[in-house]
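S.K.: I would like to see how this sequence folds:
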Amino acid sequence: MKQIALSGIKPTGTLHIGNYLGMIKPAFDLIANYQTLYFVDDYHALTTLRDKDTLNQNVYDVAVAVNRTCGEVLTVPEALIQESVMTIPGIGGRKMSKNYNNTIPIFADAKALHKQVMRIVTDSKRSADPKDPDACNVFNIFKYFALPEAVESRRNAYLNGGLAYSEIKQELYELLNEFFGGRRENYHQLMDDKDLLDRILNNGADRAKAMAEPVLESVRRAIGIRR
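M.R.: Numbering: from 1, shown residues only. The predicted structure is shown next:
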């Protein structure tokens with residue numbers, strides 16, 4: 001039986017590239033090797049736990065404490081965090097976050113997407129000047145969506161000079177628009193069918209409840225609570 005991988009996301013704001021690279025894509029990548037479960041956080045319950053490391057440690061500590069007291073009734077969780085995509089730069093250079101209003105929404109229409117990409121902050125170097133790709137906000141998003149050979153080619157163009165920021169921004173826009181274009185249409189179709197969404201969510205809730213109830217019952221018995 002496959003191990004279970006559980007991933008969650010807060011219900012606030014508009015989904016952006018940071019969400020996609022930091023949570024959505026890694027969560028989907030787990031499907032091949034894990035039984036995957038996804039949930040939308042209870043935002044109010046997590047307002048005092050904004051730090052992922054603190055949250056992970058608290059969950060771990062609770063499981064260990066229950067097992068120490070009641071026997072091995074819970075599986076002690078392990079965090080699965082991809083370090084390479086933990087911090088995605090926003091259009092101003094800080095970590096992409098709804099809190100900083102510096103995001104690139106993944107379901108924005110083509111015009112709005114283009115506007116946001118062109119707003120990404122760069123330095124004042126000219127196209128002929130050599131540049132450090134790893135210090136460039138544009139490149140640090142581009143590298144996650146372009147093919148490896150394109151990333152290497154553009155890295156060399158940065159280092160050797162001859163690449164204008166407007167050019168790499170346009171390439172990034174085209175990559176994002178192509179990648180998310182079809183997904184954007186699917187998203188809007190789903191958002192227009194609230195009944196379908198409710199059925200999907202209710203079905204998922206029923207399946208999760210069926211998995212969780214035996215575990216909860218074991219914990220209740222172990223600590224002496226009867227329903």
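
S.K.: Pull up the per-residue confidence for the nearest residue to H188 once chain neighbours are set aside.
M.R.: In space, and not counting its chain neighbours, H188 is closest to F107: 7.5 Å by Cβ to Cβ, 6 or more residues apart in numbering. Every residue, glycine included, has its C-beta placed from N, CA and C. Turning to F107, the model gives it a pLDDT of 95.

S.K.: Provide a list of residues in contact with F107.
M.R.: Shown in contact with F107 (Cβ atoms under 8 Å, 6 or more residues apart in numbering): 14-15, 180, 183-184, 187-188.

S.K.: Taking those residues together, which two end up most distant?
M.R.: T14 and R183 (14.0 Å; Cβ to Cβ).

S.K.: Which elements pack onto the longest helix anywhere in the chain?
M.R.: If you go by DSSP state H, the chain has its longest helix at helix 194-223. Identification of packing neighbours for helix 194-223 by 3 or more Cβ pairs under 8 Å, 6 or more residues apart in numbering; DSSP states H and E yields strand 35-40, helix 52-70, helix 165-191.

S.K.: buried residues in the first one?
M.R.: So that's strand 35-40. Within strand 35-40, the residues that qualify as buried are 36-38, counting by 16 or more other Cβ atoms under 10 Å.

S.K.: Could you dump the residues you listed into JSON lines and include distance to G93?
M.R.: JSON lines is the format used below for those (distance: Cβ to Cβ, whole Å):
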{"residue": "T36", "distance to G93": "33"}
{"residue": "L37", "distance to G93": "35"}
{"residue": "Y38", "distance to G93": "30"}
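
S.K.: could those residues go into CSV alongside pLDDT?
M.R.: Below are the buried residues of strand 35-40 laid out as CSV (pLDDT from 0 to 100):
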residue, pLDDT
T36, 91
L37, 91
Y38, 89
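
S.K.: now the host helix or strand of S153: mean pLDDT?
M.R.: Secondary-structure assignment from DSSP states H and E places S153 in helix 148-160. For helix 148-160, the mean pLDDT works out to 98.

S.K.: How much space separates the residue nearest to H188 from M191?
M.R.: For F107, the distance to M191 equals 9 Å [Cβ to Cβ, to the nearest Å].

S.K.: Now the buried members of the contacts of F107.
M.R.: For those, a burial check counting by 16+ other Cβ under 10 Å picks out 15, 180, 184.

S.K.: From the rest of the structure, what touches stretch 141-156?
M.R.: Here stretch 141-156 makes contact (Cβ under 8 Å, 6+ apart) with 17, 21, 85, 88-89, 104, 120, 133, 139, 163, 168, 171-172, 175-176, 179.
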